[in-house]
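1. Kindly return the folded structure for what I paste below:
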Amino acid sequence: MKKNDILLISGFLVTALLLYGIYHFFFAQNGATVVVTVDGNEYASLSLSSDTTLEIQGIDGINILVIENGTARISYADCPDQLCALHKPISKNGESIICLPNRVVVEIKKAPSSKGLDAIAN
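-> So this is what the prediction gives:
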């Protein structure tokens, strides 16, 4: 690889990081609901605005979900890799924390729209 190739690739990477940062900080919306599923079935749906702690019985063990200050995080997991417990707290619409050994998914979803229907199809 030549010097110009490295500069071109670096330019693309810097541009991509800038666009991601702009989207994440200016356009990503905070979620309103934390939806917990275990093995594909809904386990709980909690408000992101109220501080609470929930013990989740997964397939192979227990996870503890903590909702505080408008964020959700897994504070404890008895799975061997601990990736879900090390994950940063989530608060934006579409973000998720997944514990594969226990088959637990914690996902942030936006509040349902109260505007009603946009159109009715025949």
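2. switch to C-alpha atoms for all contacts and neighbour counts from now on
-> Fine.
3. Can you show me the strands along this structure?
-> Assigned by DSSP state E, the chain shows strands spanning 33-38, 41-47, 52-57, 62-68, 71-77, 96-99, 104-109.
4. Looking at those strands, which is nearest to Lys88?
-> Across the strands of the chain, Lys88 has its closest neighbour in strand 71-77 (6.9 Å, Cα to Cα).
5. Just the CA atoms of the closest one, as CSV, please.
-> Coordinates of each C-alpha in strand 71-77 appear next as CSV, following Å, rounded to 0.1, in the frame of the first residue of the first chain:
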residue,chain,number,x,y,z
THR,A,71,-30.5,4.2,31.7
ALA,A,72,-30.7,0.4,31.9
ARG,A,73,-27.8,-2.0,32.6
ILE,A,74,-27.2,-5.6,33.7
SER,A,75,-25.5,-5.4,37.1
TYR,A,76,-25.1,-9.1,37.6
ALA,A,77,-25.1,-12.2,35.5
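6. now the angle from that strand to strand 52-57?
-> Interaxial angle of strand 71-77 relative to strand 52-57 (axes from the mean of the first three to the mean of the last three Cα atoms, to 10 degrees): 40 degrees.
7. Which residue ranges make up the domains of the protein?
-> The chain is divided into the following domains under automatic domain parsing: 1-28, 33-109.
8. End to end on stretch 36-55, go ahead and measure it.
-> Distance between the two ends of stretch 36-55: 11 Å, counting by Cα to Cα, to the nearest Å.
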